[in-house]
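*Asks:* Need coordinates for the below:
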Amino acid sequence: MRLKNKMYEFLNKFYRRIYLLLWGALFKREFNCFGKKSSIYKPRSIQGLKYIDIGSFTSLMPDAWLLALKIDENIPKLIISDRCYIGHSAHIVAVKKVVIEDSVLIADKVYISDNLHSFDAIDIPIIEQKVKFHREVLIKEGAWIGENVCIIGATVGRNSVVAANSVVTKDVPDFCVVAGIPAKVIKCFCHESQSWKKVSHESK
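*Replies:* I've put the predicted structure just below:
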């Protein structure tokens with residue numbers, strides 16, 4: 001059984017290496033930029049490659065859906081920088097600008113977008129209305145985004161944490177932990193005491 005498991009592990013690694021080599025040979029040159037030793041393994045869909053930058057030493061797990069969509073005169077930019085890890089089934093959409101800085105950790109099933117689907121016209125089904133730009137997205141260096149998080153038109157601060165299942169629609173400061181729907185700050189790092197302090201939202 002142990003020998004069988006080792007053989008399976010070897011074949012799995014071998015298949016993955018061959019897949020990444022072939023995928024890289026076919027698609028890397030289509031990106032605006034694709035850094036060294038980065039990988040996108042079995043993506044669900046990647047659209048607008050010429051508007052997408054991938055840094056170096058960055059990994060995207062299976063079922064990623066990246067979309068850089070030109071909806072007006074603006075050139076969309078979807079930038080994922082160096083040493084990032086993006087979990088399974090990530091969905092990242094840019095119509096103007098989404099930037100993920102260096103060393104960001106993103107868990108599975110995370111949605112990140114700088115746009116919304118218009119619902120202004122009540123006499124037209126929403127599916128037939130246009131996508132519209134909302135606000136630029138910036139996820140700063142060292143941030144950690146938990147599982148099932150939605151980030152729509154907001155900044156997440158440096159080394160900040162977004163707890164699982166949160167919805168972020170407003171900017172998150174540096175060195176904070178946010179949680180909930182909508183996400184609120186529940187902890188901040190105190191540089192004087194060098195420790196994390198809880199933040200109370202009790203009404204006075």
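
*Asks:* Distance of the residue nearest to residue 116 when sequence neighbours are not counted relative to residue 183?
*Replies:* Leaving aside its sequence neighbours, residue 116 sits nearest to residue 134 (Cβ to Cβ, 6 or more residues apart in numbering; 4.8 Å). C-beta here means a position set from N, CA and C on the backbone, and glycine is covered the same way. For residue 134, the distance to residue 183 (Cβ to Cβ, to the nearest Å) stands at 16 Å.

*Asks:* From the contact counts, what lies against the longest strand along the chain?
*Replies:* In terms of residue count, the longest strand belonging to the chain (DSSP state E) is strand 184-190. When contacts are defined as 3 or more Cβ pairs under 8 Å, 6 or more residues apart in numbering; DSSP states H and E, strand 184-190 packs onto strand 176-179, strand 195-198.

*Asks:* Need the phi and psi values for residue 28.
*Replies:* Here is the backbone geometry of residue 28 (degrees, to the nearest 10): phi -60, psi -40.

*Asks:* helices and strands of the protein: which one bottoms out on pLDDT?
*Replies:* helix 2-27 (a mean of 66; mean pLDDT, DSSP states H and E).

*Asks:* that older thread, for residue 134 and residue 183, indicate the residue with more neighbours.
*Replies:* Counted by other Cβ atoms under 10 Å, residue 134 and residue 183 do not tie: residue 183 has more neighbours, with 24 against 16.

*Asks:* Brilliant, that's me finished.
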